[in-house]
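[1] Sequence and predicted model, in that order:
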Amino acid sequence: MEVAVGETLYWLRGASWVPAERQLPVSADLVIVGAGITGASVAYWASRALSGSIWVLEERTQPAMGASGRNAGFNLAGTVTPYPELRARLGREGACAIWAYTVDNNRRIRALLEAWGADVELVCSGSLHVATTEAEWADQRRAAELLREDGFSVELLDREALARLWGFPVAERFWGALYRPEDVRWNPARVVWRLLEEALRQGVRLALEAPVWHLEPVPGAVRLYTPRGVLEAGTVVLATNAWLGRLLRLLAGQVIPVRGQVLATEPVERLFEHPVSANYGYEYWQQDREGRVILGGYRWSVPDQEVGYAVEGLRMEVQLGLERFLREAFPPLAEVAVAHRWSGIMGFTHDALPVLGPVPGMERVWVAGGYTGHGTAFAFRFGEDLVRALQEGWHPQGALRYMDVARLLVARQKTL
């Protein structure tokens, strides 16, 4: 059963935004479609490095109204794929390069936000990755071994250490945790707004409620059809994550929408200093500075696992599962009231790695997305690398070799 999402999104509550442009231009040098973390990062870096007119088009009424403002509010390095599995699939060099890329992404955006003194509710606490079965605990210990071998800082905590950290008896379902010091928690919508504010100060223009209906390559440009008219752009960046396939048929079925569910409680006493993921990332939670426990996940509890859902909505089986988990796993929260519920649409790829780069056959169209639930680990640096490539050409090296959008088109051709 589903009910419509009718409340203000938690991270956007009380938000105000500068007036956006009402009239679109006839032409622009660079058009960025999407105003989440990816689009905001592209706009920020482009405003510093590129000349000419730069526009951001956002389909909704505010920036960060997609997955960037609907997540659980933390930034974890790495990928959804456990490190031992990633290394087995890509080899030590590939896995290490991708993991290092995400660690560097987190360090860069954190350093920028700290230098600005931005109030984005940033807490540099590190994160916990809790095992919920004996097999997962063995996988966590193996991940710690390999991560240390490859030069990454991690620490293992057994159940007793976890109980001391949380300050209450730990449920039998939790076997121990892997601690990673590079991770942070924050208000993701405020991160987006802060990046866009800097971009707008440098002359970038923003248009809200400006969905792009269709893209058409024309000589020397790309034509964008919108309800406000037709716009021609020298270059287009699609920073739309789960919706990349809507405008690019080549990516339809290659970047798959998956819906995630989240809830937030009323404020309670401080229990969790770190953002936490458990059950291979199928549950995840944190406690924000107001004391609200924000919990997401549990889509595994329904047969379709929310795969293929491109519309936000609350599925009560999932929401009730989240509540049950909250009350059973954490005795101090047995009576806490749920104050907010929401959902968001993520973009998943078949190999669980994101996509970046120019679209083969449409070289004036660039894409960035398909983050498979780990968008904040890639999005900021994706913006920087994309803008650099617009200046110097696309020559993917290191981690980018594994994330080049061209690989999905090769995979698609093999299935035809």
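    Okay, I see it. Numbers count the residues shown, from 1 in each chain.
[2] Can you name the next helix or strand after the least confident helix or strand in the chain by mean pLDDT?
    Averaged element by element with mean pLDDT, DSSP states H and E, the chain has its least confident helix or strand at strand 2-3 (a mean of 44). Once the chain leaves strand 2-3, the next helix or strand it forms, by DSSP states H and E, is strand 27-33.
[3] That following strand - contacts with which helices or strands?
    Based on contacts counted as 3 or more C-beta pairs under 8 Å, 6 or more residues apart in numbering; DSSP states H and E, the elements that strand 27-33 packs against are helix 37-49, strand 54-57, strand 221-226, strand 229-238. For the C-beta atoms, the positions are set from N, CA and C on the backbone; glycine is no exception.
[4] will you turn the ones you listed into CSV that also has mean pLDDT and distance to L409?
    Rendered in CSV, the data for the helices and strands packed on strand 27-33 read as follows (pLDDT from 0 to 100; distance: least, C-beta to C-beta, whole Å):
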stretch, mean pLDDT, distance to L409
helix 37-49, 98, 20
strand 54-57, 98, 25
strand 221-226, 98, 18
strand 229-238, 97, 14
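[5] Relative to L76, which of these is closest?
    Counting by C-beta to C-beta, L76 lies closest to helix 37-49 out of the helices and strands packed on strand 27-33; the figure is 13.7 Å.
[6] Using PDB, list the CA coordinates for the closest one.
    As requested, C-alpha coordinates have been extracted for helix 37-49 and formatted as PDB (Å, rounded to 0.1, in the frame of the first residue of the first chain):
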ATOM      1  CA  ILE A  37      24.800  17.900  -5.300                       C
ATOM      2  CA  THR A  38      26.100  16.900  -8.700                       C
ATOM      3  CA  GLY A  39      24.500  19.900 -10.600                       C
ATOM      4  CA  ALA A  40      25.500  22.300  -7.800                       C
ATOM      5  CA  SER A  41      29.100  21.000  -7.900                       C
ATOM      6  CA  VAL A  42      29.300  21.300 -11.700                       C
ATOM      7  CA  ALA A  43      27.900  24.900 -11.500                       C
ATOM      8  CA  TYR A  44      30.400  25.800  -8.700                       C
ATOM      9  CA  TRP A  45      33.500  24.500 -10.600                       C
ATOM     10  CA  ALA A  46      32.200  25.800 -14.000                       C
ATOM     11  CA  SER A  47      31.700  29.300 -12.400                       C
ATOM     12  CA  ARG A  48      35.400  29.300 -11.400                       C
ATOM     13  CA  ALA A  49      36.900  27.800 -14.600                       C
END
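[7] Identify the residue nearest L24 in space, chain neighbours excluded?
    R228 (4.9 Å; C-beta to C-beta, 6 or more residues apart in numbering).
[8] Report how many residues lie close to that neighbour.
    A total of 15 residues lie near R228 under the criterion other C-beta atoms under 10 Å.
[9] Quick one: closest of the helices and strands packed on strand 27-33 to S343.
    Scanning the helices and strands packed on strand 27-33 with C-beta to C-beta as the criterion, the closest one proves to be helix 37-49, at 18.1 Å.
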